[in-house]
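Peer 1: Okay, predicted coordinates and the sequence, questions at the end:
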Amino acid sequence: MKKALVLSATLALAVGVGYAAQQKLGELVVFNNWSSPAELGALNVVRTAFQSQGGVWKDITVAHDTGASIPLINMLTGGNPPDVFIESNVQLRRELLKQGLLRDFTAYYNTLGVDKYIPPAVKDAMTVDGKVVSAPLTVHIVGTLFWNIAAAKKAGVNPASWKTIDQMFADFPKIKKAGLVPLAIGAQKWQLDYLLGSMVVQVSGKLYDDLFGLKPNRASIDSKEMRQALAYYRKIQQNADPGSANRNWNDTTAMVIRGDALMQMHGDWMKGEFLAAKKKIGTDFDTRLIPGAAGVQVTVDEETFLNPKTPEKKAAQEALFKTMLQKNITERFSVIKGSTPVRLDASAGIDKHAKLVLASIAKPGFGHPVRNITMDPDWAGAYADLADAFWNTPTMTADDFIAQLQAKYDEVFQ
């Protein structure tokens with residue numbers, strides 16, 4: 001049976017009690033799970049701009065690997081809620097919205113005159129059931145290729161010339177002959193989850209939405225598109241180097257930076273590793289979407305707001321919301337974090353890859369929310385388990401995968 005995400009009736013009471021005990025007028029308690037220097041440096045751009053307007057910002061930070069929603073829910077139900085929090089899961093936000101706990105920013109957003117600059121994929125992430133409840137900070141996409149230019153010359157290949165993923169695979173023997181790993185993969189469970197998702201959206205954006213959307217379609221599981229995605233996924237597994245098992249993503253990126261591997265297929269936070277290594281895009285490394293991609297997975301870092309209990313908090317929330325959507329703020333934020341701004345008119349400091357991302361997500365229907373934003377938790381877990389099992393069991397067939405995923409669907413939704 002599907003496990004519903006339910007917050008107890010005490011949640012509403014707890015939130016009310018928490019707000020009544022605020023220490024200072026105008027103070028916003030901001031909950032996030034960021035800790036790296038780039039993340040904190042980027043967040044400080046927003047914090048400083050907000051404080052310069054007279055706002056008071058109080059941080060509550062949890063580690064990345066704790067899962068932000070668990071401590072967040074504990075705070076909500078424990079009577080000590082934040083005012084603002086980073087949490088992208090649609091189901092959690094919908095539950096909070098139904099209970100009257102989230103602030104609806106739709107009317108305020110419409111007064112800002114920025115809608116024409118916000119890409120469809122970002123607008124989708126900001127909204128729940130048609131209501132704007134979050135302010136976006138920055139964008140990443142999953143399923144990009146980053147490659148070492150010198151290694152490509154050594155192998156005699158040009159990744160920019162590939163029109164299809166099959167053309168990419170066709171160059172693998174030449175790349176191996178040059179003594180390079182063609183495609184470096186960090187075969188940790190969460191990375192494999194993303195990788196199979198990239199193969200699914202590579203084949204069909206509709207299939208991606210059918211599998212990973214809010215209302216999965218069982219019929220899509222057994223489809224020629226799913227079989228094609230699994231075939232590509234298996235091809236990548238068969239060409240992975242022996243050291244790929246359980247390798248961290250950044251250690252995998254380092255292989256490309258050193259020139260031990262030609263390229264990596266992962267989230268575009270890879271760029272931050274190249275930049276930290278003093279490598280220049282277009283000179284030392286380059287980037288592109290997976291050749292022939294029918295879409296991309298989009299993840300939007302965003303802040304969501306609980307209903308304010310005082311006029312001072314309401315004004316502070318509006319100041320912070322507006323700040324995050326300002327052109328110069330999203331530009332500066334993204335340059336520091338190594339991500340992409342949330343506005344289509346961003347220009348200052350925007351590199352080749354960020355321009356590629358903006359051009360991609362500007363196209364209606366090309367950007368799809370990364371699965372952890374939309375999927376039922378049990379369904380997401382079942383999918384991730386099978387993505388991992390398929391990779392680590394070379395004898396597992398597409399028929400096996402499909403039959404097991406169908407069985408999991410029936411357990412979760414029926």
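Peer 2: Everything's here; your move. Quick caveat: nothing in here was measured; it's all calculated off a predicted structure.

Peer 1: Would you mind listing the buried residues in the strand or helix carrying Y383?
Peer 2: Using DSSP states H and E, Y383 sits within helix 377-392. Residues of helix 377-392 classed as buried: P377, W379, A380, A382, Y383, A384, L386, A387, D388, F390, W391 (neighbour count, 16 or more other C-beta atoms under 10 Å). Just so you know, the C-beta spots here come from the backbone N, C-alpha and C atoms, and that holds for glycine as well.

Peer 1: List the contacts of the last one.
Peer 2: Residues near W391 by C-beta atoms under 8 Å, 6 or more residues apart in numbering: A187, L192, Y233, Q237.

Peer 1: Ramachandran angles for the last one?
Peer 2: Dihedral pair for Q237: phi -60, psi -40, per degrees, to the nearest 10.

Peer 1: Quick check: the gap between it and Q99.
Peer 2: For Q237, the distance to Q99 equals 44 Å [C-beta to C-beta, to the nearest Å].

Peer 1: ditto for the first one
Peer 2: Going from A187 to Q99 by C-beta to C-beta gives 40 Å.

Peer 1: With the third one instead?
Peer 2: Y233 sits 39 Å away from Q99, going by C-beta to C-beta.

Peer 1: more crowded one of these two?
Peer 2: Y233 (23 against 14; other C-beta atoms under 10 Å).

Peer 1: Next, the buried residues of stretch 347-363.
Peer 2: Buried, per 16+ other C-beta under 10 Å, within stretch 347-363: I350, D351, H353, A354, L356, V357, L358, S360, I361.

Peer 1: Looking at those residues, which is nearest M199?
Peer 2: Nearest to M199 among the buried residues of stretch 347-363: S360, at 17.2 Å, using C-beta to C-beta.

Peer 1: tell me which element the closest one is part of?
Peer 2: helix 352-361.

Peer 1: what mean pLDDT does that helix have?
Peer 2: Mean pLDDT, helix 352-361: 95.

Peer 1: With stretch 311-326 instead?
Peer 2: Across stretch 311-326, the per-residue pLDDT values average to 95.

Peer 1: How about that stretch, which residues are buried there?
Peer 2: Buried residues in stretch 311-326 (16+ other C-beta under 10 Å): 312-313, 315-326.

Peer 1: Looking at those residues, spot the one nearest L180.
Peer 2: For the buried residues of stretch 311-326, the nearest to L180 is M324 (41.5 Å; C-beta to C-beta).

Peer 1: mind checking how far the closest one is from K337?
Peer 2: Taken as C-beta to C-beta, the span from M324 to K337 is 13 Å.

Peer 1: Over to R103?
Peer 2: 25 Å.

Peer 1: residues near the spatially closest residue to L97 that is not a sequence neighbour, how many?
Peer 2: Excluding its sequence neighbours, the residue lying closest to L97 (C-beta to C-beta, 6 or more residues apart in numbering) is V128, at 5.5 Å. Per other C-beta under 10 Å, the neighbour tally for V128 reads 22.

Peer 1: For V128, name its beta-bridge partners.
Peer 2: When assigned by DSSP bridges, V128 has beta-bridge partners K131.

Peer 1: OK, contacts around it?
Peer 2: Going by C-beta under 8 Å, 6+ apart, V128 touches V90, R93, R94, L97, L102.

Peer 1: By neighbour count, which of the residues you listed wins?
Peer 2: R93 (23 neighbours).

Peer 1: Sticking with it, tell me its helix or strand.
Peer 2: Here R93, judged by DSSP H and E, is contained in helix 90-98.

Peer 1: Output that helix as PDB, restricted to C-alpha atoms.
Peer 2: C-alpha atoms of helix 90-98 as PDB (Å, rounded to 0.1, in the frame of the first residue of the first chain):
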ATOM      1  CA  VAL A  90       6.400  18.600  -3.900                       C
ATOM      2  CA  GLN A  91       4.500  16.200  -1.600                       C
ATOM      3  CA  LEU A  92       5.800  17.800   1.600                       C
ATOM      4  CA  ARG A  93       5.100  21.300   0.300                       C
ATOM      5  CA  ARG A  94       1.600  20.300  -0.800                       C
ATOM      6  CA  GLU A  95       0.900  18.800   2.600                       C
ATOM      7  CA  LEU A  96       2.000  22.000   4.300                       C
ATOM      8  CA  LEU A  97       0.000  24.100   1.800                       C
ATOM      9  CA  LYS A  98      -3.100  22.000   2.500                       C
END
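
Peer 1: Just give me how far the very next helix or strand once past that helix sits from the chain centre.
Peer 2: Using DSSP H and E, the helix or strand that follows helix 90-98 in sequence is helix 106-111. Offset of helix 106-111 from its chain centre (C-alpha atoms, centre = their mean, to the nearest Å): 25 Å.

Peer 1: swap in stretch 357-372?
Peer 2: Worked out by C-alpha atoms, centre = their mean, stretch 357-372 lies 11 Å from the chain centre.

Peer 1: Same question for stretch 88-100.
Peer 2: Taking C-alpha atoms, centre = their mean, one finds the center of stretch 88-100 at 18 Å from the center of the full chain.

Peer 1: Likewise for stretch 75-86?
Peer 2: Distance, centroid of stretch 75-86 to centroid of chain: 23 Å (C-alpha atoms, centre = their mean).

Peer 1: List the buried residues in it.
Peer 2: Neighbour-count burial for stretch 75-86 [16+ other C-beta under 10 Å]: M75, L76, T77, G79, P81, P82, D83, V84, F85, I86.

Peer 1: Looking at those, spot the one nearest K177.
Peer 2: The closest of the buried residues of stretch 75-86 to K177 turns out to be I86 (C-beta to C-beta; 45.7 Å).

Peer 1: OK, contacts around the closest one?
Peer 2: F31, N32, N33, W34, A68, D301, E302, E303, T304.

Peer 1: How many residues are close by the second one?
Peer 2: To tie it back to what came earlier, the one meant is N32. Considering only other C-beta under 10 Å, N32 is surrounded by 22 other residues.

Peer 1: Contacts only, for it.
Peer 2: Listed by C-beta under 8 Å, 6+ apart, the contact partners of N32 are L43, D59, I60, T61, V62, A68, F85, I86.
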